[in-house]
Every structure is written in C-alpha cells, then in structure tokens.
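In: Return a 3D structure for these sequence lines:
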Amino acid sequence: MPRVPKPTDRSLDPLQEALKAPLKPDRASAPSDAAIQRWSAVPLLYASTPPRQMVPGHVVFDAWSEGGVALRDATSGHTRCLTLGAGSLLLDLVAWRDSHHWQFTARVRHEERVRHDAVLRTGRLRLLPDSGGFFQWRSRGVPRLLELWSVDQCIAFEPIAWK
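Out: A predicted model of the protein is given here:
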C-alpha cells in the first residue's frame, strides 16, 4: 500500500515552496512585438471603409523596366521585383509565374525596419503579414491595384502595368 504523506511530512515542502513562490512572467512565452503589431491590424481585415488619411504611393523600382522586354517574354518561371513607396515607407513585392498561377511575396519596410501592423489589399483579398512580416498569396491573375491599410492611413499605390 502506498504511503500517504501527512501534512507535517517534510516531503511536501518542495511543492509548498513552489506554490508559495510569486509567479513571474516568462519572457519566452510573452508575445513578440511583431505579434502585437499584427494583432493591432486584425480589425482592418473587416473594416468597410479605409482610414481617413489617403496617401498616394508610386513605383520606386521595377525590374521589368530595368531589364527590358526579355524578362517579360518568358512563358514560365519569370520573375518581377517591384518596390512601391510612399514617403519613408516601402513595399517590396516579388512576383513569379509558375505553370498556372502567379505567386506573390511582399514585405513592408519603414526606415529599414519591417512593419507588421498593416493589411495589404489587392482586389477582394485582404492579407495580414506572417511572423516574418511577409504577405504571401497566389492567384491566376496579377494585381493591378494595391492598397496598404494601417490604423492611421491608407496608401493607394498607382496602378501596376503587367505588359
């Protein structure tokens, strides 16, 4: 028959001491700053109207304009790199064509730091960044218009020509 400890037994001391110790938050289990930024953008996924401040965005760099027509004529596997900007905020976009779809990866930078607190909109699609700050999606067609919504502003980038 197993021995049942009595309340005066010394064998309960380690357990009692552990329970008496004040709880300290574990930094490893606390959410990261990036996660907190992403969570602050979740309501923007469901917003019906854009933030009040509208900011125009423009193309800063386009690999197709730099590389010439040869990059555009490839039937499969071709890639396009774009950087769109508005003030000190930059949206880096990489698009590549596989057999039946376009795949896209984008990332928002502000003064060389990755931002996680925005929602990227393209057509009906609304995207939150992943833990690395990347927006990733695929579609049969290419996006013509991109918008970046944050709590305080909406950046509407100029239309992108894909021909």
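In: contacting residues around the one residue sitting closest to the centre of the chain?
Out: Among the residues of the chain, the one closest to the centroid is Pro129, at 1.4 Å (C-alpha atoms, centre = their mean). Neighbour list for Pro129: Arg38, Arg107, Val108, His116, Ala118, Leu120, Phe135 [criterion: C-beta atoms under 8 Å, 6 or more residues apart in numbering]. The way it works is simple: take the backbone N, C-alpha and C, and place the C-beta from them, glycine included.
In: Quick check: the farthest pair among those residues?
Out: Pairwise distances across these peak at 13.2 Å for Arg38 and Arg107 (criterion: C-beta to C-beta).
In: Most neighbours out of the contacts of Pro129, which is it?
Out: Ala118 (28 neighbours; other C-beta atoms under 10 Å).
In: In this protein, what residue spans correspond to strands?
Out: 53-62, 79-86, 89-97, 102-110, 113-114, 119-122, 125-127, 134-139, 147-149, 153-157 (DSSP state E).
In: Those strands: which one's closest to Tyr46?
Out: So among those, strand 125-127 is nearest, using C-beta to C-beta, at 8.4 Å.
In: Mind listing what's buried along the closest one?
Out: Along strand 125-127, these residues count as buried under the neighbour rule (16 or more other C-beta atoms under 10 Å): Arg126, Leu127.
In: quick revisit: pipe the strands of the chain into CSV and attach distance to Ala47 per row.
Out: Below are the strands of the chain laid out as CSV (distance: least, C-beta to C-beta, whole Å):
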stretch, distance to Ala47
strand 53-62, 14
strand 79-86, 19
strand 89-97, 19
strand 102-110, 18
strand 113-114, 23
strand 119-122, 8
strand 125-127, 9
strand 134-139, 17
strand 147-149, 7
strand 153-157, 10
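In: Format those strands as JSON lines; extra columns: mean pLDDT.
Out: Output for the strands of the chain, formatted as JSON lines (pLDDT from 0 to 100):
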{"stretch": "strand 53-62", "mean pLDDT": "92"}
{"stretch": "strand 79-86", "mean pLDDT": "92"}
{"stretch": "strand 89-97", "mean pLDDT": "94"}
{"stretch": "strand 102-110", "mean pLDDT": "94"}
{"stretch": "strand 113-114", "mean pLDDT": "89"}
{"stretch": "strand 119-122", "mean pLDDT": "92"}
{"stretch": "strand 125-127", "mean pLDDT": "92"}
{"stretch": "strand 134-139", "mean pLDDT": "95"}
{"stretch": "strand 147-149", "mean pLDDT": "92"}
{"stretch": "strand 153-157", "mean pLDDT": "92"}
